[in-house]
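> below is the structure, and that's it, no one-letter string:
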């Protein structure tokens, strides 16, 4: 029996009883979770950003929490990228990256996350003169410290920064080289940045090299542009999962293809609202994607910048998107299946999720 089957039997059999006797918070907190789409740099806590800015004398950023809150009010996706690039300048040495990695992983563990694939963008830092060895030593130190403290397992996705004002060939080659030099915990190649004006086919060589070397491929696509970027990612970048992918609904043929080939989409609802891609939770396509049978998971993207957490995304799924608890258990189960975690890790989370679903039903 799959976790999804167990979840449906455990919750949907008596949905109203579950809804009435177990709070949403208790239900969400009980779920073991997997996070597939979260950015390390975008996970910097406001307090950490302020401390690092003071430490390194970065004096053109806000100097208090209220200022940062206003700083994180994005006009659109392009403005979000501007703010993102301004914020990462506070990361200067191995200790900075260790703090960021440790705090990010511990924050996820505190939300019941057992396994996470965290994206970071080494070329943003290499291009600022930071040594590749120092960068990796920092993120690895933070990762190991969090695992030793909580048991959370983290693996890295290295992201090509698809920025139109950047030497994209150099960025691609540098990112792939970094990933291949650190295979002990780097498992996949990603592609971020604006989609408009940055055609996916130009990254084909990098993604082919990643595939040939045994790395997984998880580019962003179909977030701010239409279905074509998703098709391009499948056809040219050998994509195994798609970051966001909400515009797949524009093309029924693509919906059928994703469903038939079971190509997962990493959906981040609050992110889509905060960058202006979707107007409101009531307009978000996730419920329709589920209805159409698309393989989807729930993720947080850049949590502090968007004022969310993975826990918050699960609560929004119930309260703002109108999903039933059985559907939310299915989302948690899907994240396990869509991950690149080793088989024993998946099996352990599956078993825990099935047991939690059964306890929720029994308690109700």
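Perfect, thanks for sending it. Worth saying up front: this structure is predicted, and the values here are computed from it rather than measured.
> helix, strand or coil: sort out the nearest residue to residue 89 once chain neighbours are set aside for me.
Leaving aside its sequence neighbours, residue 89 sits nearest to residue 58 (Cβ to Cβ, 6 or more residues apart in numbering; 5.8 Å). Just so you know, the C-beta spots here come from the backbone N, C-alpha and C atoms, and that holds for glycine as well. What DSSP: H, G, I helix; E, B strand; the rest coil gives for residue 58 is coil.
> top helix in this protein by residue count?
The longest helix of the chain (DSSP state H) is helix 343-363.
> okay, buried residues for it please.
Counting neighbours by 16 or more other Cβ atoms under 10 Å, one finds that the buried residues in helix 343-363 are 345-346, 348-350, 352-354, 356-357, 360-361.
> what's the answer for stretch 80-90, then?
By 16+ other Cβ under 10 Å, the buried positions in stretch 80-90 come out as 80-81, 83-84, 87-90.
> do stretch 207-224 as well
Neighbour counts over stretch 207-224 (16+ other Cβ under 10 Å) mark 207, 209-210, 215-224 as buried.
> low-confidence ranges in the stretch 201-350 of the chain?
Along the stretch 201-350 of the chain, the model assigns pLDDT under 70 to no residue.
> can you give me the helices in the stretch 51-200 of the chain?
Assignment of helices within the stretch 51-200 of the chain using DSSP state H, counting those that start in this stretch yields the ranges 65-71, 77-87, 94-109, 122-126, 132-150, 168-181.
> can you lay out those as TSV showing mean pLDDT?
Formatted as TSV, the helices of the stretch 51-200 of the chain follow (pLDDT from 0 to 100):
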stretch	mean pLDDT
helix 65-71	88
helix 77-87	87
helix 94-109	98
helix 122-126	95
helix 132-150	98
helix 168-181	97
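> closest one to residue 251 among these?
Closest of the helices of the stretch 51-200 of the chain to residue 251 is helix 77-87, at 20.8 Å (criterion: Cβ to Cβ).
> now residue 267: how far from residue 57?
Going from residue 267 to residue 57 by Cβ to Cβ, to the nearest Å gives 39 Å.
> between the two, which one's more packed in?
residue 267 (29 against 7; other Cβ atoms under 10 Å).
> for residue 100, the count of nearby residues, please.
Residue 100 is flanked by 25 other residues according to other Cβ under 10 Å.
> tell me where the stretch 251-364 of the chain has strands.
For the stretch 251-364 of the chain, the strands defined by DSSP state E, counting those that start in this stretch cover 265-267, 296-298.
> packing partners for the first one?
The one in question is strand 265-267. strand 242-244, helix 286-291, strand 296-298 (3 or more Cβ pairs under 8 Å, 6 or more residues apart in numbering; DSSP states H and E).
> pick the most buried one from the ones you listed.
Highest mean neighbour count of these: strand 242-244, a mean of 27 (counted as mean count of other Cβ atoms under 10 Å).
> so which elements touch that strand?
For strand 242-244, the packing partners by 3+ Cβ pairs under 8 Å, 6+ apart are strand 216-221, strand 265-267.
> name the residues that touch that strand?
Strand 242-244 has contacts (Cβ atoms under 8 Å, 6 or more residues apart in numbering) with 37, 190, 192, 218-223, 230, 233, 248, 258, 263-268, 271-272.
> given it, what are its sheet partners and their directions?
Sheet pairing for strand 242-244, assigned by DSSP bridges, gives strand 216-221 (parallel), strand 265-267 (parallel).
> want to throw those into TSV with distance to residue 101?
TSV is the format used below for those (distance: least, Cβ to Cβ, whole Å):
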stretch	distance to residue 101
strand 216-221	19
strand 265-267	20
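> what's the spacing between stretch 123-132 and its chain's center?
The chain centroid and the centroid of stretch 123-132 are separated by 22 Å under Cα atoms, centre = their mean, to the nearest Å.
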